[in-house]
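1. this one's sequence-less:
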């Protein structure tokens, strides 16, 4: 099939990198989404409120923002693969510990610590894939890597659904946290055979191994505007997506009064739609451009989400509509990796991507807790709709001002001319060309 010609033409190292990034993002998604499907069970067992439930999910996402920014800096200093390997070990270890918790507050602390590892996977993995693949196929490769999110979401729905159906609740939710160790071992095995990107190795050689990435790099004069607009874009998409994904199972159980097993089936269909949307976005992205494709997907998501939330329908129609809702709601995320990787120079690429993505993700994550709090006054459906609307408005504003970056050569991004910026001097001296 012609749609996979780019993969067949890729070098072995590019293929290994693709599967290493795809599997890592799938595992990250799985460990993240397991909690969403366990919240109704945990709320019943430990008797905590919706606001407290939202706080658990938000604490993990806020910690991921800190971990992602720090990991981006470490990746620019010490290498992409090394940092990604450490992140897998970190969040898998805390997933195991989460299965041994015995109270709400214990789980809150453990999930926050686990979140530090979650933050590394997206920004560093996206930069790694972007630096390895042919620029003409960057949108397809990174979009397909992003589709691993949907695979992880589906696996979380299936695994938790099966465990909750066939095991006592007190054992089922613990097992759901523990089972993540199995795919983690597979990911670590794949990553043993992934080299650092040539563009990164040459950059380190050209700079003499000097440390150029710091927490201030995201605010350099030449990248500041891009960093903030990218953060606003991610804020909008994450706020809308998390408001739906984290609270959807609870809404369907508590508002629509559907059984947990049916909710798991619906979420699986929505995640299938998410996968289709991200794969579709990946290919359209390289043809029509980053901004146009993202704007079109967001517009469709606004319309479909409104129908999903407010139009009364039976379970089968809800399930069927979940497919296109998932396509548009999460399909737009397939364009973030290519766009952000094409905005920043190699020396500070993962630092800036880590800042933009994870600051946006942390602010967007506030919608999880706010949905729970506002639901006490507007109802759960109205609260979800409110924060989805605010999120997509932020995304539209950011897309209106971000540049089109399709197919940009990562070694040709202009460095800063700020005479007080030592990084710019290193950039200007770099002979790197792909």
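-> Okay, I see it. A quick note: this is a predicted structure, and the numbers were derived from the prediction, not measured.
2. I'd like the average pLDDT over the top helix by length along the chain.
-> If you go by DSSP state H, the chain has its longest helix at helix 12-46. For helix 12-46, mean pLDDT is 88.
3. so after that helix, what's the next helix or strand?
-> Following helix 12-46 in sequence order, the next helix or strand is helix 50-78 (DSSP states H and E).
4. nearest residue to the middle of the chain?
-> For the chain, residue 122 is the residue whose C-alpha lies nearest the centre (C-alpha atoms, centre = their mean; 5.7 Å).
5. can you give me phi and psi for the nearest residue to that residue once chain neighbours are set aside?
-> Leaving out its chain neighbours, the residue that sits closest to residue 122 by C-beta to C-beta, 6 or more residues apart in numbering is residue 357, at 5.8 Å. Every residue, glycine included, has its C-beta placed from N, CA and C. Main-chain dihedrals, residue 357, degrees, to the nearest 10: phi -70, psi -50.
6. how much space separates residue 357 from residue 124?
-> Counting by C-beta to C-beta, to the nearest Å, the separation of residue 357 from residue 124 is 10 Å.
7. do residue 220 as well
-> From residue 220 over to residue 124 the distance is 19 Å, taken as C-beta to C-beta.
8. between those two, which has more neighbouring residues?
-> Neighbours per residue, other C-beta atoms under 10 Å: of residue 220 and residue 124, the larger number sits with residue 124, 29 against 22.
9. please name the residues that touch the more buried one.
-> By C-beta atoms under 8 Å, 6 or more residues apart in numbering, the contact set of residue 124 is 71-72, 75, 80, 83-84, 87, 350, 354.
10. do residue 280 as well
-> Counting by C-beta under 8 Å, 6+ apart, residue 280 makes contact with 327, 331.
11. one more time with 10 Å, if that's ok
-> Shown in contact with residue 280 (C-beta atoms under 10 Å, 6 or more residues apart in numbering): 143, 147, 293, 297, 327-328, 331, 334.
12. same check on residue 332?
-> Contacts of residue 332 (C-beta under 10 Å, 6+ apart): 146, 233, 236-237, 240-241, 277-278, 281, 285, 293-298, 300-301, 392, 395, 399.
13. how close does the spatially closest residue to residue 54 that is not a sequence neighbour sit to residue 91?
-> Among residues not flanking residue 54 along the chain, residue 372 sits closest, at 3.3 Å (C-beta to C-beta, 6+ apart). The gap separating residue 372 from residue 91 is 24 Å, by C-beta to C-beta.
14. helices of the stretch 251-400 of the chain, start to end?
-> Taking DSSP state H, counting those that start in this stretch to define them, one finds helices in the stretch 251-400 of the chain at 260-288, 290-310, 315-331, 336-341, 349-378, 380-401.
15. quick check: which of these is buried the most?
-> Ranked by mean neighbour count, the helices of the stretch 251-400 of the chain are led by helix 336-341 with a mean of 28 (mean count of other C-beta atoms under 10 Å).
16. quick revisit: shouldn't the residue nearest to residue 54 be in contact with residue 254?
-> No - Residue 372 is beyond contact range of residue 254, at 11.7 Å (criterion: C-beta atoms under 10 Å).
17. got any residues that touch both of the two?
-> Common contact partners of residue 372 and residue 254 (C-beta under 10 Å, 6+ apart): 50, 247, 380.
18. residue 135: which of those residues is nearest?
-> Distance to residue 135 across the shared contacts of residue 372 and residue 254 (C-beta to C-beta) is lowest for residue 247, with 38.6 Å.
19. could you give the mean pLDDT of the host helix or strand of the closest one?
-> For residue 247, the element it lies in under DSSP H and E is helix 224-254. Helix 224-254 shows a mean pLDDT of 88.
20. by how many degrees do that helix and helix 290-310 diverge?
-> For helix 224-254 against helix 290-310, the angle by axes from the mean of the first three to the mean of the last three C-alpha atoms, to 10 degrees is 20 degrees.
21. quick one: helix 224-254 to chain centroid distance?
-> Centroid separation for helix 224-254 versus its chain: 10 Å, with C-alpha atoms, centre = their mean, to the nearest Å.
22. use 27 as the first number from now on
-> Got it, first residue is 27 now, which makes that one helix 250-280.
23. give the buried residues for it.
-> Neighbour counts over helix 250-280 (16 or more other C-beta atoms under 10 Å) mark 252-279 as buried.
24. and stretch 150-166, by the same measure?
-> For stretch 150-166, burial by neighbour count (16+ other C-beta under 10 Å) applies to 150-159, 161, 163-166.
25. residue 389: which of these is nearest?
-> residue 152 (19.3 Å).
26. ok, back up a step: wait, doesn't the residue nearest to residue 148 sit right on residue 264?
-> Yes - between residue 383 and residue 264 there is a contact under C-beta under 10 Å: 8.9 Å.
27. between these two, which contacts overlap?
-> In contact with both residue 383 and residue 264: residue 362, using C-beta under 10 Å, 6+ apart.
28. quick check: the gap between residue 379 and residue 435.
-> From residue 379 across to residue 435, the span is 17 Å (C-beta to C-beta).
29. follow-up on the earlier one: which residues are common contacts for residue 383 and residue 150?
-> Common neighbours of residue 383 and residue 150 (C-beta under 10 Å, 6+ apart) are 94, 98, 376.
30. quick one: contacts for the nearest residue to residue 62 once chain neighbours are set aside?
-> Of all residues not flanking residue 62 in the chain, residue 272 sits nearest, at 5.0 Å (C-beta to C-beta, 6+ apart). Residues counted as contacts of residue 272 (C-beta under 10 Å, 6+ apart) are 58-59, 61-62, 65, 79-80, 82-84, 87, 391, 393-395, 397-398, 410.
31. one more time with 7 Å
-> 62, 83, 394 (C-beta atoms under 7 Å, 6 or more residues apart in numbering).
32. pick the one among those residues closest to residue 216.
-> residue 62 (26.3 Å).
33. measure the closest one to residue 430 for me?
-> Distance from residue 62 to residue 430, by C-beta to C-beta: 34 Å.
34. who's more crowded, these two?
-> Legend: neighbour count by other C-beta under 10 Å for residue 62 and residue 430, higher for residue 62 (23 against 12).
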